[in-house]
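Peer 1: Fold the following and give me the result.
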Amino acid sequence: MKLNFFEKWLSNAKRSIVTTLLCVSAVVFFWQSTSFSNVAAIANPINNLIASKDAGDMVQEKVSKDAGRAKGFIRDTADRVEETAKKNAAKVDQADDKGSFVERKAKKDAGRIEKRAEEDAARTQKAVDNTKNAVEKTVDSIKDALSK
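Peer 2: Residues are numbered from 1 along each chain as shown. Reported below is the predicted structural model:
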């Protein structure tokens, strides 16, 4: 049995209406779940901004504090390396009273190790400062963008 023109049109219309309703309900469901997932943010939107001024200041304080700690740790490590190099050179000096090749080499190595420790510490501290400055600059840029 063949469908006549009106029945084909009605069948296509039903299919289109059902598809449209299904799509609209899916969009509404998705929209509702994303909009109301954080009710506190809707109730009080000003205090929940990620990059608010208070949060930016807290981030900058934390970065400064952590950078200071990291630089202190780097300085302590460099001091320990230098101290160990001096102790090793002193042990070699005590073991050999003649001023032999080994003693001269140990003293030379101790000086080289101390110099290298200072250079490495300075380079690492500079990297920490650069990272801290980059983070602070980024936070300032975000705060400026949100304040406009």
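
Peer 1: which intervals of this structure have sub-threshold pLDDT?
Peer 2: Within the chain, the ranges that satisfy pLDDT under 70 run 1-3, 32-54, 95-97, 99, 148.

Peer 1: Where is the longest helix in it?
Peer 2: helix 101-147 (DSSP state H).

Peer 1: how does the chain divide into domains?
Peer 2: Taking automatic domain parsing as the reference, the chain has its domains at 5-37, 45-147.

Peer 1: hmm, back to that, quick check: which helices or strands does the longest helix of the chain pack against?
Peer 2: Packed against helix 101-147 by the contact rule (3 or more C-beta pairs under 8 Å, 6 or more residues apart in numbering; DSSP states H and E) you find helix 53-95. Quick note: C-beta positions are derived from backbone N, CA and C, even for glycine.

Peer 1: chain center to the helix it packs on, what's the gap?
Peer 2: From the chain centre to the centre of helix 53-95 is a distance of 21 Å (C-alpha atoms, centre = their mean, to the nearest Å).
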